[in-house]
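Enquirer: coordinates for the following, if possible.
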Amino acid sequence: MRVLIVDDHPIVASGCRALFADDTDIVILEAADAEGGEQVFAAEHPDVCVLDINLPTVSGFELARRILARASSARIIMFSMNDDPIFAARAIEIGAKGYVSKAGDPCDLVAAIREVGNGGVYLPAAMARSVAFAGPAFAQNPLSKLTSREIEILRLLSSGKSLSEIAWLVHSSYKTIANTSSIIRQKLGLRSASELVRFAIETRLV
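Expert: Residues are numbered from 1 along each chain as shown. I've put the predicted structure just below:
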């Protein structure tokens, strides 16, 4: 099984290699950002992709969209420090087959790769319960108002990117990004760039 790990922290990639050091049937491929991940996917056609959400340029959500546009049957696991069930729900909505928190047990990642690699889906038990029983708490979280694309644009705005830069990064038009930015502010009740940044930090988007 060929597994692509897209993460900008070398220690994460080395940790993944260590997890599978004794498994001769697992080959680990690596990339440090979305652009590199897309190139490796196109060249190597891995069986499973493990994508960090917080990548240096566009996020793992955007990379997942690009990979699925290339191959709708791609098997993707989102891998993140954020264990908020909203992120897991958005990952599933865009087509990911699994979601694993970096703060969880390393065995969760091993289990996810094997399950998704065999055609299944995977959420750690605690995460699955959080998603299934989030109820009112899910609806009360401001992030629940945003789509995965809006979360992506909010993240880029909060990191200091201009509307033009964001349009180029996510392969969209300036007008679309400007309109989406306005919609995000309306949905969240935010008025200024500093409020956007503060919100993004509080919700661990940046």
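Enquirer: hey, where'd the helices end up in this protein?
Expert: All helices of the chain, identified by DSSP state H, fall at 10-19, 34-44, 60-70, 85-94, 106-117, 125-132, 135-140, 148-158, 163-169, 174-188, 193-202.
Enquirer: including mean pLDDT and distance to residue 50, could these go into TSV?
Expert: Backbone N, C-alpha and C define where each C-beta goes, glycine included. Listed next are the helices of the chain as TSV, based on pLDDT from 0 to 100; distance: least, C-beta to C-beta, whole Å:
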stretch	mean pLDDT	distance to residue 50
helix 10-19	84	7
helix 34-44	96	10
helix 60-70	95	9
helix 85-94	88	12
helix 106-117	92	7
helix 125-132	81	15
helix 135-140	67	25
helix 148-158	89	18
helix 163-169	93	22
helix 174-188	91	28
helix 193-202	81	24
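Enquirer: out of those helices, the one nearest residue 51 is which?
Expert: Among the helices of the chain, helix 60-70 comes nearest to residue 51, with 3.7 Å by C-beta to C-beta.
Enquirer: identify the residues contacting that closest one?
Expert: Applying C-beta atoms under 8 Å, 6 or more residues apart in numbering, the contact partners of helix 60-70 are 6, 34, 37-38, 41-42, 49, 51-55, 74, 76, 78-80, 90-91, 94-96, 148-149, 151-152, 169-170.
Enquirer: hmm, 7 Å instead?
Expert: 6, 34, 37-38, 41-42, 49, 51-53, 55, 74, 76, 78, 90, 94-96, 148, 151-152, 170 (C-beta atoms under 7 Å, 6 or more residues apart in numbering).
Enquirer: weed out the non-buried ones from these.
Expert: 6, 34, 37-38, 41, 49, 51-53, 55, 74, 76, 78, 90, 94, 96, 148, 151-152, 170 (16 or more other C-beta atoms under 10 Å).
Enquirer: compare the helices of the chain and give me the one nearest residue 1.
Expert: helix 106-117 (5.0 Å).
Enquirer: and the chain, what are its domains?
Expert: As assigned by automatic domain parsing, the chain contains the domains 2-135, 141-202.
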